[in-house]
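**Student:** I'll drop the sequence and a predicted model, then ask my questions.
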Amino acid sequence: MIPVPLPPAGGHADPQAALALRDVTLAYGARKVLDGLSLTIPAGAFTAVVGPNGCGKSTLLRVLGGALAPSQGRALLDGADLAGLRPKAVARRLAYLPQDPQAPELITVRDLVARGRYPHQSLLRLWSEADAQAVDAALADTELTELAQRPVQTLSGGQRQRVWLALVLAQDTGILLLDEPTTFLDIRHQLDLLDLCARLHAAGRTLVVVLHDLNLAFRYASRVVMMREGRIAAQGAADEVVNEGALRQVFDLDCRVMPDPETGSPMIVPRRGRSL
């Protein structure tokens, strides 16, 4: 298929950006990881994807980001099939942070974050002051300015996670796909990161975030997608889809659901810490 260029990116303020999957199946041999799955990610939404281990959350995100091609069905960006779009054009609209990215040996924090500007470079547009400002802002937003000249390999796991988030922010796209971005972070930095995600959402960006902490997912996301065994079990606003029956069905979890005393969003309390 001849690659089709996307319309002009328009930066993070683009209100038309949206993702969708249509009847997507992805299989490794006889094992279906995604099974006839259809999903729409509304433009401007903060969508949290939750589900038990091995249910297909990370695979879903990789297909949405164009990192994996489905065995059947289509992944769409702004209504266009991702399979027919130029990778660099997609990267100006969509940033994807996988679970376990790998940094080149001895690269500094600033140099790695600067790689987020690659989609904006060309033979006619080399490094500019706007690129430097984008990197500076990403470092500041993730509290990494003072570590900018440190080799990434010398940082803690939580600090490295923030470096990768800074790279994604420097990419300056309208859509962010983040796969378990709170991994390795202590509770304060988990909240700081999700507060930053909330600010990006409020500014008009579309976020799709895989999270394991259900209470954080329900507190921050405007929309929740629950997965089980490669399929969508429930989707919608958290206060519409989160209930004891759904959590029992998806997680085999016996719990109570009550309002979060800080936000009013659904909060789960396991019964004696036991599953069914």
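**Tutor:** Yep, that arrived.
**Student:** ok, now how distant is the closest residue in space to Leu68 that isn't next to it in sequence from Asp179?
**Tutor:** Residue nearest to Leu68 in three dimensions, not counting chain neighbours: Arg62, with 4.3 Å by Cβ to Cβ, 6 or more residues apart in numbering. (C-beta placed from N, C-alpha, C; glycine too.) Counting by Cβ to Cβ, to the nearest Å, the gap from Arg62 to Asp179 is 8 Å.
**Student:** ok, Pro266 next?
**Tutor:** In this structure, Pro266 and Asp179 are 23 Å apart, going by Cβ to Cβ.
**Student:** returning to what we had before: what sits in contact with each of Arg62 and Asp179?
**Tutor:** The contact sets of Arg62 and Asp179 overlap at 96, 98 (Cβ atoms under 8 Å, 6 or more residues apart in numbering).
**Student:** three-state assignment of the nearest residue to Ala221 once chain neighbours are set aside?
**Tutor:** What sits nearest to Ala221 in space, not counting adjacent residues and going by Cβ to Cβ, 6+ apart, is Ala48, at 3.5 Å. Of the three states, Ala48 takes strand under DSSP: H, G, I helix; E, B strand; the rest coil.
**Student:** show me what contacts Ala48?
**Tutor:** Residues near Ala48 by Cβ under 8 Å, 6+ apart: 209-211, 217-218, 220-221, 223-225.
**Student:** let's see that with 7 Å instead.
**Tutor:** Ala48 makes contacts with 209, 211, 217, 221, 224, as judged by Cβ atoms under 7 Å, 6 or more residues apart in numbering.
**Student:** now for the first one: which residues touch it?
**Tutor:** When you say that, I think you mean Val209. 48, 178, 181, 197.
**Student:** where's Leu97 relative to Val257, distance?
**Tutor:** Separation of Leu97 from Val257 (Cβ to Cβ): 30 Å.
**Student:** you'd agree Leu39 is in a helix?
**Tutor:** No: Leu39: not assigned to a helix; according to three-state DSSP it is strand.
**Student:** in strands, which of the contacts of Val209 fall?
**Tutor:** 48, 178 (DSSP state E).
**Student:** hmm, back to that, what's next to the one helix or strand the residue nearest to Leu68 maps to, contact-wise?
**Tutor:** Per DSSP states H and E: Arg62 is located in helix 57-64. Identification of contacts with helix 57-64 by Cβ under 7 Å, 6+ apart yields 19, 21, 24, 26, 33-34, 49, 51, 68, 70, 75, 99, 177, 179, 208, 210, 227.
**Student:** still on that earlier bit, in strands, which of the contacts of Ala48 fall?
**Tutor:** Using DSSP E, the contacts of Ala48 in strands are 209, 224.
**Student:** wait, which of the contacts of Ala48 is closest to Asp81?
**Tutor:** Using Cβ to Cβ, Val209 comes nearest to Asp81 of these, at 24.1 Å.
**Student:** can you name the residues bridging to that closest one?
**Tutor:** Per DSSP bridges, residues listed as beta-bridge partners of Val209: Ala48, Leu178.
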